[in-house]
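In: Just to be clear, the model below is a prediction. Sequence and coordinates:
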Amino acid sequence: MSSLLSTLNVLYVEDDADIRSILQRALERRVKNLYVGIDGLDGFELFEKHRPDIILTDIKMPKMNGINMAKRIKEIDKEVPIIVLSAHSETNYFLEAIENGISGYLLKPLDKQKLYDILEENAKIVLFGREKKQHELLLQEVIELQPSIIFSADNQKSALFLNKLFVDNFTVEDFDMEDYDKDSIYSQVKEFNNTTLVDGDKDMFWLDYIFENPNTSFRVSVQKKDSESLFYVRTKLVHPESIGKVVIVITLVEL
């Protein structure tokens, strides 16, 4: 038994009872929990209920085929790996499967070793994602303990992390720290835009000034409701090899 697979929950969806029974017995010995669906609709409902780590699915099934089930699942969780099991006569679905973010495609009759290998590969991806999220949560907790306002973004202006002090001063009031779109932070801050450069081009949006002038320090004036505060801004350009992106870390201290 793979130690990787034994930590994961898998959803297996197949309408053929004989095939389903054989593969079910084999998978149950290798994974932590196996959820078994008998058609696409049943599989989708099981996904919503259990949120498995990996999905194996047939394509041609009643009520909802495997491709349509995958589309609906990806609308909820775009990261979950989905492996399609298909007969030779169904290879016309291959391109559609790829377009919908399918992680693997195996032809029937199945070579079990190939199936286990592709499950192992996807298990590594899932477990790496778990570890990455744990590190991000730890980093966020450390950031929240800092007395300074902290914000970091990559060179595409997509947020990497920020603390509540930044949210309170530079984003809309109903901003959700638990569930936010990292790509939209820049536009939200720009829309809210309560900040004016004190040192530099006063007509330039202050985050644009930072991206154009990294590794610099300056002051900004922050207007919030009926009060105005002055902040000292310090920026640092870094090149973390771990994520392959240029990152700007911004700290603000109220003067």
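Out: Good, I have the coordinates.
In: Strands along this structure, start to end?
Out: For the chain, the strands defined by DSSP state E occupy 9-13, 33-37, 54-58, 82-86, 104-107, 149-154, 159-162, 195-197, 217-224, 227-238, 247-254.
In: which one of those has the lowest average pLDDT?
Out: If these are sorted by mean pLDDT, strand 247-254 sits at the bottom with a mean of 74.
In: and for it, what are the contacting residues?
Out: By Cβ atoms under 8 Å, 6 or more residues apart in numbering, the list of residues contacting strand 247-254 from outside reads 148-155, 160, 166, 169, 210-211, 214, 220, 229-240. Where C-beta positions appear, they are placed from N, C-alpha and C, glycine not excepted.
In: Could you check how many residues crowd around the closest residue in space to residue 204 that isn't next to it in sequence?
Out: Nearest residue to residue 204 in three dimensions, chain neighbours excluded: residue 197, at 6.4 Å (Cβ to Cβ, 6 or more residues apart in numbering). Residue crowding around residue 197 was assessed by other Cβ atoms under 10 Å; the count is 19.
In: how close does residue 153 sit to residue 34?
Out: For residue 153, the distance to residue 34 equals 41 Å [Cβ to Cβ, to the nearest Å].
In: and the two? which has more neighbours close in?
Out: For residue 153 and residue 34, the more surrounded residue by other Cβ under 10 Å is residue 153, and the numbers stand at 25 against 20.
In: so where do the helices sit in the protein?
Out: 17-28, 40-50, 66-76, 94-99, 112-144, 164-170, 185-192, 206-212 (DSSP state H).
In: Least confident of those helices, on average?
Out: helix 94-99 (a mean of 66).
In: Next up, the contacts around the residue nearest the centre of the chain.
Out: By Cα atoms, centre = their mean, the chain has its centre lying nearest to residue 79, at 6.2 Å. Contacts for residue 79 (Cβ under 8 Å, 6+ apart) come out as residue 129.
In: can you rerun that using 10 Å?
Out: Residue 79 sits next to 101, 103, 125-126, 129 when contact means Cβ atoms under 10 Å, 6 or more residues apart in numbering.
In: same thing with residue 193?
Out: Taking Cβ under 10 Å, 6+ apart, one finds 170, 205-207, 223 in contact with residue 193.
In: Format those residues as JSON lines; extra columns: neighbour count.
Out: JSON lines is the format used below for these (neighbours: other Cβ atoms under 10 Å):
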{"residue": "170", "neighbour count": "25"}
{"residue": "205", "neighbour count": "16"}
{"residue": "206", "neighbour count": "24"}
{"residue": "207", "neighbour count": "20"}
{"residue": "223", "neighbour count": "12"}
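In: and the two most separated of those residues?
Out: Farthest-apart pair in the contacts of residue 193 is 207 and 223; separation 15.8 Å (Cβ to Cβ).
In: I'd say residue 176 and residue 167 touch.
Out: Yes: at 9.2 Å, residue 176 counts as touching residue 167 under the criterion of Cβ atoms under 10 Å.
In: quick one, which of the two is more surrounded?
Out: Per other Cβ under 10 Å, whichever of residue 176 and residue 167 has more neighbours is residue 167, with 20 against 10.
In: got the contact list for the more buried one?
Out: Residue 167 touches 149, 151, 173, 175-177, 180, 185, 188-189, counting by Cβ under 10 Å, 6+ apart.
In: could I get the strands of the chain as TSV with distance to residue 48?
Out: Shown next, in TSV, are the strands of the chain (distance: least, Cβ to Cβ, whole Å):
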stretch	distance to residue 48
strand 9-13	11
strand 33-37	11
strand 54-58	12
strand 82-86	15
strand 104-107	22
strand 149-154	32
strand 159-162	29
strand 195-197	42
strand 217-224	41
strand 227-238	40
strand 247-254	36
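In: Point out the most buried one among those.
Out: Comparing these by mean neighbour count (mean count of other Cβ atoms under 10 Å), strand 54-58 ranks first with a mean of 26.
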